[in-house]
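[1] Okay, sequence plus prediction incoming.
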Amino acid sequence: MKKIRVLIADDHTLVRDGIRSMLTLVANVEVVGEATNGREAVEKTKQLAPDVVLMDLAMPIMSGLDAIRRIRREFPGTKVLALTQYDDSEYVVPVIEAGARGFVTKMAAFSELATAIQAVYNGDSFLSPSAAAALVEECQQKTTAEGGKDPYQLLTDRERETLKLVVEGHTTREIADMLVVSPKTIEWYKTSLMKKLNIHNRTDLIKFAIRKRLITV
């Protein structure tokens, strides 16, 4: 029996150990390697040629999302299955667009993960129920908003620069120094852009920035 060769990419040792232990119970699955960050996942994919990569998204050095893009481009024969704690559409949509064949949350039952590995290996796609629901909601929101103007297009160039720097975690003073304006002017930009986007807190700004691909997850 040909075994499905799996690479586990996650920056938490306990998570990798747990997944490896569980996968030993699946007769036709073999864990051929592990990676602790996105860059190492790409390197191990090149070295080991796994059939499926289980990819966490929030990893150091190179994010899982960037690693998915690299693997899809450089090693099209390898399927990627995203395995993460997040299931909002802000995460699901970019992951699928980046080239992952499936999306499973870490809260899923082991049987679901095993099914997902089999599915993507066979050329199918797989979404955990919560991820599928998020994707449906995203599509419905787009349909509802169809014909409306993208609020991002309402922002001035300065407001767009400010938005990106805010979601990257820079303080008002740091942004003011970067754009060579006063902190008061930056506060005005922030107030204006949030009003145009109808967003009222930094968390929602970050979600908006992820949807617009201004930052990666």
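    That came through fine.
[2] drop to CA atoms for contacts and neighbour counts, all remaining ones
    Will do.
[3] count of neighbours near the residue nearest to Arg39 when sequence neighbours are not counted?
    Once flanking residues are discounted, Arg39 sits nearest to Met62: 5.3 Å by C-alpha to C-alpha, 6 or more residues apart in numbering. Neighbour count for Met62, taken as other C-alpha atoms under 10 Å: 16.
[4] all numbers from here: first residue = 21
    Got it, first residue is 21 now, which makes that one Met82.
[5] wait, doesn't Met82 sit right on Thr56?
    No - using C-alpha atoms under 8 Å, Met82 is not in contact with Thr56; the gap is 10.0 Å.
[6] next SSE after the least confident helix or strand in the chain by mean pLDDT?
    Using mean pLDDT, DSSP states H and E, the weakest-scoring helix or strand in the chain turns out to be helix 149-165, at a mean of 61. Following helix 149-165 in sequence order, the next helix or strand is helix 177-187 (DSSP states H and E).
[7] can you list the domains in the protein?
    Listed domain ranges for the chain are 24-161, 171-231 (source: automatic domain parsing).
[8] Can you name the helix or strand that Val73 falls in?
    Here Val73 is assigned to strand 72-75, by DSSP H and E.
[9] and that strand, C-alpha only, in CSV?
    In CSV, the C-alpha atoms belonging to strand 72-75 read as follows (Å, rounded to 0.1, in the frame of the first residue of the first chain):
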residue,chain,number,x,y,z
VAL,A,72,0.7,16.8,1.6
VAL,A,73,1.9,19.6,3.9
LEU,A,74,-0.1,20.4,7.0
MET,A,75,0.5,24.1,7.3
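[10] tell me the average confidence for it?
    If you average the pLDDT over strand 72-75, you get 96.
[11] try stretch 94-101
    On average, stretch 94-101 scores 95.
[12] For Thr98, see how far away Trp208 is.
    The spacing between Trp208 and Thr98, counted by C-alpha to C-alpha, to the nearest Å, is 48 Å.
[13] Looking at the two, which is more packed in?
    Neighbour count, other C-alpha under 10 Å: between Trp208 and Thr98, Thr98 has more, with 22 against 13.
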